[in-house]
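Visitor: sequence and predicted structure, then a few things I'm wondering about:
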Amino acid sequence: MGSDVEEIKKKLDIVEVINRMLPLKKRGRHYVACCPFHQEKTPSFTVSPEMQIFKCFGCGKGGDVFNFYQEFNHTDFRESLEELAKIAGIKLINNYDEGQNKNRKKILEINIEVAKFYHYILTKHKLGETAKKYVIDRGISLDTIKQFGIGFSPDQQSLIINYLQKKGFSESDLIATGTFGKSNYGNRLYDRFTSRLVFPLIDFRGQILGFSGRVLPGAKKEAGKYINSPETEIYHKSQMVFGLNLAKDSIRQDNTVIVVEGEFDMISPYQAGINNIVAVKGTAFTEEQLQLLRRYAETLVLALDADFAGNHAAIRSIELAEKLDFDIKVVDLLGKFKDPDEAVRDNPDWFKTRIQSAVPFWDFIINSAINTYGVETNKGKKQVLDMTLPFIARIKSEVIQSDYLHKLATMIGSDTDSVKKEMNKKQVNQYQDLAKTVLIEKEPEHDKRDEMEERLVVLIMGAKNIVKVAKRVSQQLQFATIKWQKIIDLILSGVIDWEKPLDHVPEELKDIFGGTFLTAQGEIMESIHRKNEIDKLMAKLISQDLKNIIADSAKRVAKFEREDNEVELQKAEKENIEALFKLSKWQKLQK
């Protein structure tokens, strides 16, 4: 495996690979962009072509091309290895088709064949004529049917099972996909999507992970309207965003993603030219879905079904989106249509206008609460306040918060001051409840020490004469954190070629060494300011060590006094006094 990894790294330029997924701009020796892993407006994500590593100075993420590919695409190491090998044009030496990875590949292969079969039945076979007419009558063109791979699973289940078995897939292979199950009666394989319109569930990389099925009009009532593939080795409903494989470029370009509930709610607008749109299969989001969308856009526009208002699960999802720093808006269909699909089929231009008129999240929360509970009774007003005030309390801008408090007060027939007092009271109660269950923890001393030592190493690596400064620091200070002491020892060894700084760094230190060096190179600081900060950090760290010595020697003094051990007592007292004098000196340097 090691030889494959190193060969791929040699062939690939990390700048070119990242630039495929995240547009980079050249800045001096490095390339920069706004970090895809956290929200920011000023670029702090930096890529070094010299060291072939990336580092974000905002969130701290960093590493090599494999680390980026895994983090950005939510893949495991094996998947990243295979994908990057393809990009590099390298045939992997080792056999990675064993165990879990082999199973994943087999499921993906079967899913491709299943999708082809379903699509053929819908578009070319007489068994799919009724389903095809239904889709076309809904305004979906043949080109769109092909683009989304829409298909139909016929009643004759043996057709697809025989087709797949002739392709060489076993019964256990088919069951592993989740598309097929085994009957308790007769012990026969069956297709979960029989007699349903079928939509391939394709991830943002274009892989078919599973399927979603919808019954046709006139189906038996006991049949659920929609079903999805069960959880499998590759399909996880909580991570699935329908249509993202087609919409991601438009979403990134517009910096806005429109989110709808079902497949047709996404397909109809997409066909009408609204290309920055996806579906989440329900009104409640998961954290994984939101994190995935946050890579591509800052603005989240919700165009969900008419019954979205008052849906508590959906509102909790919005709260989660707010924590990810989305600018959240909501499309109001004004009660004219039940969902986006219906709106687009009747009047696509009107729907586009409604998207442009999407209301801010805060307005939606107030409107939703009032529509749900009403303000005709005191109970209704209390419920409106209970629902809205926790959200309004989190508005960072005092001006905007004041505006919404005023709006809420007006709509419930109260005054702004009273509503604000109610909000403050709820916040106090919230904090009191929190205090009962959560202890306010001090930052552990070792964490503070690690941060200070890391900063000191960054300052050393940014110096004009790195070895000279490292030597001066090491003569007076012993690093308590092993990794930083190892890096200082490495610098002092003289083996580092600062033009190619990672060439002689041990594998286990490469990530931390490269990231720290990149951080250091990204800072511009005058020598005098660098020296002053180094001296102050050294003073703090040495003072911390001396305080530990003083505390320890004081305990020994007390111990030896009790034991009447005069020899050891004098040694401990001497150590204590010397440490006190040194501490006085170093504390002055901190000022």
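Guide: In hand now; what should we look at?
Visitor: now the element after the lowest-mean-pLDDT helix or strand in the chain, going C-ward?
Guide: Every helix and strand of the chain was ranked by mean pLDDT, DSSP states H and E. The lowest is helix 416-437, at a mean of 66. Once helix 416-437 ends, the next helix or strand along the chain (criterion: DSSP states H and E) is helix 445-461.
Visitor: need the residues that contact that following helix.
Guide: Helix 445-461 is touched from outside by 466, 469-470, 473, 479-481, 484, 487-488, 491, 516-517, 519-521, 523, 530, 533-534, 537-538, 540-541, 544, with contacts defined as CB atoms under 8 Å, 6 or more residues apart in numbering. C-betas here are computed from N, CA, C, even on glycine.
Visitor: what's the domain layout of this protein?
Guide: With domains defined by automatic domain parsing, the chain comprises 2-88, 108-231, 244-357, 377-437, 445-589.
Visitor: looking at the ones you listed, which is buried most?
Guide: Across the domains of the chain, averaging neighbours per residue (mean count of other CB atoms under 10 Å) puts domain 244-357 on top, at a mean of 19.
Visitor: for residue 212, phi and psi?
Guide: Dihedral angles phi and psi of residue 212 (degrees, to the nearest 10) take the values phi -120, psi 140.
Visitor: once you drop chain neighbours, what's closest to it?
Guide: Excluding its sequence neighbours, the residue lying closest to residue 212 (CB to CB, 6 or more residues apart in numbering) is residue 199, at 4.6 Å.
Visitor: using the three-state scheme, assign the one you found.
Guide: strand (DSSP: H, G, I helix; E, B strand; the rest coil).
Visitor: which residues does residue 269 contact?
Guide: Residue 269 makes contacts with 258, 260, 277, 340-341, 344, 348, 351, as judged by CB under 8 Å, 6+ apart.
Visitor: check residue 157 too.
Guide: Residues near residue 157 by CB under 8 Å, 6+ apart: 189-191, 194.
Visitor: what's the answer for residue 215, then?
Guide: By CB under 8 Å, 6+ apart, the residues touching residue 215 are 195-197, 223-226.
Visitor: one more time with 10 Å, if that's ok
Guide: Residues in contact with residue 215 (CB atoms under 10 Å, 6 or more residues apart in numbering) are 193, 195-197, 221, 223-227.
Visitor: what's the pLDDT at it?
Guide: pLDDT recorded at residue 215 is 93.
Visitor: do the same with the one 4 residues further on
Guide: Here, the pLDDT recorded for residue 219 equals 70.
Visitor: name the nearest residue to it, sequence neighbours excluded.
Guide: residue 195 (6.8 Å).
Visitor: likewise for residue 495?
Guide: Nearest residue to residue 495 in three dimensions, chain neighbours excluded: residue 504, at 4.5 Å (CB to CB, 6+ apart).
Visitor: gap between that neighbour and residue 6?
Guide: The spacing between residue 504 and residue 6, counted by CB to CB, to the nearest Å, is 15 Å.
Visitor: so residue 18 makes contact with residue 63?
Guide: No. Between residue 18 and residue 63 there is no contact under CB atoms under 10 Å: 11.5 Å.
Visitor: so what sits against both of the two?
Guide: Listed contacts common to residue 18 and residue 63 are 54, 69; contacts here mean CB under 10 Å, 6+ apart.
Visitor: do I have it right that the residue nearest to residue 212 meets residue 242?
Guide: Yes. Using CB under 10 Å, residue 199 is in contact with residue 242, at 7.4 Å.
Visitor: which neighbours do the two share?
Guide: 148, 212, 262-263, 266-267, 279.
Visitor: report the angle between the lengthiest helix in the chain and helix 445-461.
Guide: Taking DSSP state H as the criterion, the chain has its longest helix at helix 527-563. For helix 527-563 against helix 445-461, the angle by axes from the mean of the first three to the mean of the last three CA atoms, to 10 degrees is 150 degrees.
Visitor: next step: the contacts of residue 157 restricted to strands.
Guide: The members of these that map onto strands under DSSP state E are 189-191.
Visitor: what residue ranges in the stretch 351-500 of the chain score low on pLDDT?
Guide: Applying pLDDT under 70 to the stretch 351-500 of the chain picks out residues 426-447.
Visitor: dump the ones in strands among the contacts of residue 157 into a markdown table; add pLDDT and distance to residue 399 as well.
Guide: Below are the ones in strands among the contacts of residue 157 laid out as a markdown table (pLDDT from 0 to 100; distance: CB to CB, whole Å):
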| residue | pLDDT | distance to residue 399 |
| --- | --- | --- |
| 189 | 90 | 64 |
| 190 | 92 | 61 |
| 191 | 94 | 58 |
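Visitor: any chance of those in TSV, plus distance to residue 47?
Guide: Formatted as TSV, the ones in strands among the contacts of residue 157 follow (distance: CB to CB, whole Å):
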residue	distance to residue 47
189	50
190	51
191	47
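Visitor: between those, which is closest to residue 171?
Guide: Using CB to CB, residue 189 is the member of these that lies nearest residue 171, at 6.2 Å.
Visitor: I'd guessed that closest one sits against residue 161; true?
Guide: Yes. Taking CB under 10 Å as the definition, residue 189 is a contact partner of residue 161 at 5.4 Å.
Visitor: quick check: neighbours shared by those two?
Guide: Listed as contacting both residue 189 and residue 161 by CB under 10 Å, 6+ apart are 171, 174, 180.
Visitor: tell me the spacing between the first one and residue 451.
Guide: What that stands for is residue 171. Distance from residue 171 to residue 451, counting by CB to CB: 57 Å.
Visitor: do the second one as well
Guide: According to CB to CB, residue 174 and residue 451 sit 54 Å apart.
Visitor: who are the packing partners of the longest helix of the chain?
Guide: Judged by 3 or more CB pairs under 10 Å, 6 or more residues apart in numbering; DSSP states H and E, helix 527-563 is in contact with helix 445-461, helix 466-474, helix 566-589.
Visitor: who touches stretch 17-28?
Guide: Here stretch 17-28 makes contact (CB under 10 Å, 6+ apart) with 13, 15-16, 30-36, 43, 45-47, 49, 52, 54, 65-66, 68-69, 72-73, 84, 87-88, 248, 252, 295, 521-522, 524.
Visitor: ditto for stretch 489-496
Guide: Under the criterion CB under 10 Å, 6+ apart, residues 457, 460-461, 466-467, 469-471, 473-474, 479, 487, 498, 501-506, 509, 513, 517 lie in contact with stretch 489-496.
Visitor: and it, C-alpha only, in PDB?
Guide: Output in PDB follows, covering the C-alpha atoms of stretch 489-496 (Å, rounded to 0.1, in the frame of the first residue of the first chain):
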ATOM      1  CA  ASP A 489      15.200  18.100  17.900                       C
ATOM      2  CA  LEU A 490      14.700  17.600  14.200                       C
ATOM      3  CA  ILE A 491      15.500  21.200  13.400                       C
ATOM      4  CA  LEU A 492      18.600  21.200  15.600                       C
ATOM      5  CA  SER A 493      19.800  18.000  13.900                       C
ATOM      6  CA  GLY A 494      20.500  20.100  10.800                       C
ATOM      7  CA  VAL A 495      19.000  17.500   8.400                       C
ATOM      8  CA  ILE A 496      16.200  19.700   7.200                       C
END
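Visitor: how far does it sit from its chain's centre?
Guide: Mean-position distance between stretch 489-496 and its chain equals 37 Å (CA atoms, centre = their mean, to the nearest Å).
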